[in-house]
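Engineer: dropping the sequence and predicted coords here.
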Amino acid sequence: MLTASSLRASMAHLLPQITLRSGAKMPLLGMGTWHMGERRRDRAQEVAALRLGIDLGMTLIDTAEMYAEGGAEEVVGEAIAGRRKDVFLVSKVYPHHASRRGAIDACRQSLRRLATDQLDLYLLHWRGRIPLAETVAAFEALRADGLIRAWGVSNFDRADMEELLGLPGGVHCVANQVLYNLDCRGI
(Lines give C-alpha, C1' and ligand atoms only; values in the text may rest on other atoms or scores of the structure.)
Protein backbone atom coordinates (compact mmCIF):
# COMPACT_ATOMS: atom_id res chain seq x y z
CA MET A 1 0.00 0.00 0.00
CA LEU A 2 1.27 3.45 -0.92
CA THR A 3 1.48 5.76 2.10
CA ALA A 4 2.11 9.50 2.17
CA SER A 5 5.64 8.98 3.50
CA SER A 6 6.51 6.35 0.88
CA LEU A 7 5.10 8.58 -1.88
CA ARG A 8 7.11 11.55 -0.55
CA ALA A 9 10.28 9.45 -0.40
CA SER A 10 9.82 8.17 -3.95
CA MET A 11 9.02 11.66 -5.31
CA ALA A 12 12.03 13.16 -3.54
CA HIS A 13 14.29 10.66 -5.31
CA LEU A 14 12.81 11.56 -8.70
CA LEU A 15 13.49 15.29 -8.41
CA PRO A 16 17.02 16.29 -9.38
CA GLN A 17 19.09 18.21 -6.83
CA ILE A 18 22.24 20.25 -6.86
CA THR A 19 24.70 20.64 -4.01
CA LEU A 20 25.49 24.27 -3.25
CA ARG A 21 28.83 25.53 -1.94
CA SER A 22 27.21 25.69 1.50
CA GLY A 23 26.79 21.91 1.34
CA ALA A 24 23.01 22.22 1.20
CA LYS A 25 21.20 20.10 -1.35
CA MET A 26 18.75 22.19 -3.34
CA PRO A 27 15.99 20.65 -5.45
CA LEU A 28 16.08 21.92 -9.03
CA LEU A 29 12.30 22.08 -9.17
CA GLY A 30 10.03 23.67 -6.61
CA MET A 31 6.84 25.52 -5.85
CA GLY A 32 6.51 29.23 -6.50
CA THR A 33 4.23 31.51 -4.52
CA TRP A 34 3.77 34.48 -6.87
CA HIS A 35 0.18 35.75 -6.44
CA MET A 36 -0.32 33.86 -3.16
CA GLY A 37 -1.35 35.91 -0.16
CA GLU A 38 -3.24 38.46 -2.25
CA ARG A 39 -6.75 37.47 -1.13
CA ARG A 40 -7.53 36.47 2.45
CA ARG A 41 -10.32 34.16 1.28
CA ASP A 42 -7.79 32.02 -0.64
CA ARG A 43 -5.36 31.56 2.25
CA ALA A 44 -6.56 28.15 3.47
CA GLN A 45 -6.39 26.74 -0.08
CA GLU A 46 -2.94 28.21 -0.65
CA VAL A 47 -1.62 26.75 2.61
CA ALA A 48 -3.18 23.38 1.77
CA ALA A 49 -1.64 23.42 -1.73
CA LEU A 50 1.84 24.08 -0.34
CA ARG A 51 1.44 21.38 2.31
CA LEU A 52 0.29 18.87 -0.31
CA GLY A 53 3.27 19.78 -2.47
CA ILE A 54 5.62 19.13 0.46
CA ASP A 55 3.83 15.83 1.12
CA LEU A 56 4.45 14.86 -2.51
CA GLY A 57 8.16 15.69 -2.32
CA MET A 58 8.21 19.23 -3.72
CA THR A 59 10.36 20.59 -0.91
CA LEU A 60 11.72 23.78 -2.50
CA ILE A 61 9.45 26.76 -1.86
CA ASP A 62 10.22 30.07 -3.55
CA THR A 63 8.74 33.32 -2.32
CA ALA A 64 9.61 37.02 -2.11
CA GLU A 65 8.92 40.09 -0.04
CA MET A 66 7.35 41.54 -3.20
CA TYR A 67 4.66 38.86 -3.51
CA ALA A 68 1.53 40.43 -2.00
CA GLU A 69 3.88 42.76 -0.09
CA GLY A 70 4.88 39.96 2.27
CA GLY A 71 1.54 38.16 2.19
CA ALA A 72 2.97 35.20 0.30
CA GLU A 73 5.70 34.83 2.91
CA GLU A 74 3.02 34.70 5.61
CA VAL A 75 1.19 31.94 3.68
CA VAL A 76 4.45 30.00 3.39
CA GLY A 77 5.16 30.49 7.09
CA GLU A 78 1.81 28.95 7.95
CA ALA A 79 2.28 26.10 5.47
CA ILE A 80 5.71 25.09 6.80
CA ALA A 81 4.88 25.44 10.51
CA GLY A 82 6.30 22.37 12.22
CA ARG A 83 7.94 21.23 8.96
CA ARG A 84 10.73 23.75 8.43
CA LYS A 85 13.42 21.05 8.39
CA ASP A 86 11.65 19.38 5.42
CA VAL A 87 11.77 22.48 3.21
CA PHE A 88 14.41 24.32 1.19
CA LEU A 89 13.27 27.91 1.60
CA VAL A 90 14.07 30.70 -0.88
CA SER A 91 13.05 34.35 -0.65
CA LYS A 92 13.99 37.49 -2.53
CA VAL A 93 14.71 41.11 -1.61
CA TYR A 94 13.39 44.08 -3.61
CA PRO A 95 16.13 45.97 -5.50
CA HIS A 96 15.26 49.21 -3.67
CA HIS A 97 15.84 47.40 -0.35
CA ALA A 98 19.19 45.98 -1.47
CA SER A 99 21.49 48.45 0.31
CA ARG A 100 23.70 47.05 3.05
CA ARG A 101 21.33 48.07 5.84
CA GLY A 102 18.16 47.71 3.75
CA ALA A 103 18.80 44.11 2.70
CA ILE A 104 19.54 43.09 6.28
CA ASP A 105 16.34 44.75 7.53
CA ALA A 106 14.31 43.23 4.67
CA CYS A 107 15.72 39.77 5.40
CA ARG A 108 14.80 40.06 9.08
CA GLN A 109 11.25 41.06 8.10
CA SER A 110 11.02 38.10 5.71
CA LEU A 111 12.22 35.74 8.44
CA ARG A 112 9.56 37.12 10.78
CA ARG A 113 6.79 36.63 8.21
CA LEU A 114 8.07 33.12 7.41
CA ALA A 115 8.30 32.29 11.13
CA THR A 116 11.82 30.90 10.78
CA ASP A 117 15.31 31.90 11.80
CA GLN A 118 17.14 31.14 8.55
CA LEU A 119 16.66 31.15 4.79
CA ASP A 120 18.36 28.48 2.73
CA LEU A 121 18.79 30.89 -0.18
CA TYR A 122 18.28 34.66 -0.38
CA LEU A 123 18.16 36.35 -3.77
CA LEU A 124 18.31 39.88 -5.14
CA HIS A 125 15.02 39.90 -7.09
CA TRP A 126 16.39 41.92 -10.03
CA ARG A 127 19.06 44.50 -10.72
CA GLY A 128 18.32 47.95 -9.33
CA ARG A 129 20.13 51.23 -8.75
CA ILE A 130 21.94 50.23 -5.57
CA PRO A 131 25.54 49.22 -6.34
CA LEU A 132 25.97 45.43 -6.46
CA ALA A 133 28.98 45.68 -4.14
CA GLU A 134 26.71 47.03 -1.39
CA THR A 135 24.21 44.20 -1.88
CA VAL A 136 26.98 41.60 -1.86
CA ALA A 137 28.30 43.07 1.42
CA ALA A 138 24.81 42.79 2.94
CA PHE A 139 24.40 39.21 1.77
CA GLU A 140 27.81 38.26 3.12
CA ALA A 141 26.93 39.82 6.49
CA LEU A 142 23.64 37.89 6.56
CA ARG A 143 25.50 34.68 5.76
CA ALA A 144 28.13 35.34 8.43
CA ASP A 145 25.35 35.99 10.98
CA GLY A 146 23.64 32.71 10.07
CA LEU A 147 20.43 34.33 8.85
CA ILE A 148 20.94 32.88 5.35
CA ARG A 149 22.81 29.77 4.28
CA ALA A 150 23.55 31.02 0.75
CA TRP A 151 22.74 33.92 -1.55
CA GLY A 152 22.24 34.57 -5.21
CA VAL A 153 20.47 36.75 -7.74
CA SER A 154 17.41 36.59 -9.94
CA ASN A 155 16.76 37.78 -13.48
CA PHE A 156 20.39 38.75 -14.19
CA ASP A 157 21.75 38.74 -17.72
CA ARG A 158 25.28 37.77 -18.72
CA ALA A 159 26.77 41.26 -18.28
CA ASP A 160 25.23 41.56 -14.80
CA MET A 161 26.66 38.18 -13.81
CA GLU A 162 30.12 39.05 -15.12
CA GLU A 163 30.09 42.28 -13.10
CA LEU A 164 28.87 40.46 -9.99
CA LEU A 165 31.50 37.74 -10.21
CA GLY A 166 34.22 40.40 -10.48
CA LEU A 167 33.27 41.98 -7.15
CA PRO A 168 34.84 41.08 -3.79
CA GLY A 169 32.69 38.24 -2.46
CA GLY A 170 30.85 37.91 -5.78
CA VAL A 171 32.13 34.37 -6.24
CA HIS A 172 29.90 33.33 -3.31
CA CYS A 173 26.82 33.79 -5.52
CA VAL A 174 25.32 30.31 -5.87
CA ALA A 175 22.37 30.93 -8.20
CA ASN A 176 20.81 33.11 -10.86
CA GLN A 177 17.12 32.28 -10.76
CA VAL A 178 15.41 33.10 -14.05
CA LEU A 179 11.74 33.04 -14.98
CA TYR A 180 10.71 29.50 -15.91
CA ASN A 181 7.37 27.87 -15.28
CA LEU A 182 4.65 25.93 -17.09
CA ASP A 183 3.57 29.06 -18.98
CA CYS A 184 6.99 30.61 -19.60
CA ARG A 185 9.74 28.35 -20.90
CA GLY A 186 11.78 30.95 -22.78
CA ILE A 187 15.13 30.10 -21.28
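Structural biologist: Happy to help now that I have it.

Engineer: assumed Ser22 was part of a helix.
Structural biologist: No - assigned with DSSP: H, G, I helix; E, B strand; the rest coil, Ser22 falls outside any helix and is coil.

Engineer: contacting residues for it?
Structural biologist: Residues in contact with Ser22 (CB atoms under 8 Å, 6 or more residues apart in numbering) are Arg149, Ala150, Val174. Heads up, the C-betas are built off the backbone N, CA and C, glycines and all.

Engineer: for Glu134, same thing?
Structural biologist: For Glu134, the contact set (CB under 8 Å, 6+ apart) comprises Ala98, Ser99, Arg100.

Engineer: need the residues that contact stretch 63-70.
Structural biologist: Outside stretch 63-70, the residues touching it (CB under 8 Å, 6+ apart) are 32-38, 72-73, 76, 89-94, 97, 106, 109-110, 113-114, 123, 125.

Engineer: what separation do you get for the closest residue to Gly128 other than its chain neighbours and Thr135?
Structural biologist: Among residues not flanking Gly128 along the chain, Pro95 sits closest, at 2.5 Å (CB to CB, 6 or more residues apart in numbering). Distance, Pro95 to Thr135, by CB to CB, to the nearest Å: 9 Å.

Engineer: which neighbours do these two share?
Structural biologist: Counting by CB under 8 Å, 6+ apart, the residues touching both Pro95 and Thr135 are Leu124.

Engineer: secondary structure and neighbour count for the contacts of Glu134 - can I get that in CSV?
Structural biologist: Formatted as CSV, these follow (DSSP: H, G, I helix; E, B strand; the rest coil; neighbours: other CB atoms under 10 Å):
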residue, secondary structure, neighbour count
Ala98, coil, 24
Ser99, coil, 20
Arg100, helix, 18
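
Engineer: just those residues now: which is nearest Lys85?
Structural biologist: Nearest to Lys85 out of the contacts of Glu134 is Ala98 (CB to CB; 28.8 Å).

Engineer: that closest one and Gly128 touch, don't they?
Structural biologist: Yes - counting by CB atoms under 8 Å, Gly128 is a contact partner of Ala98 at 6.0 Å.

Engineer: so what's the residue nearest the centre of the chain up against?
Structural biologist: Centre of the chain computed as the mean C-alpha position; nearest residue by CA atoms, centre = their mean is Val90, 1.4 Å away. Val90 makes contact with Gly30, Leu60, Ile61, Asp62, Thr63, Leu119, Asp120, Leu121, Tyr122, Leu123, Gln177 under the criterion CB under 8 Å, 6+ apart.

Engineer: that's a strand at it, yeah?
Structural biologist: Yes - assessed with three-state DSSP, Val90 lies in a strand.

Engineer: and it, how far from Pro27?
Structural biologist: Taking CB to CB, one finds Val90 at 10 Å from Pro27.

Engineer: on that earlier part again, burial measure for the residue nearest to Gly128, as a count.
Structural biologist: Around Pro95 there are 20 other residues, counting by other CB atoms under 10 Å.
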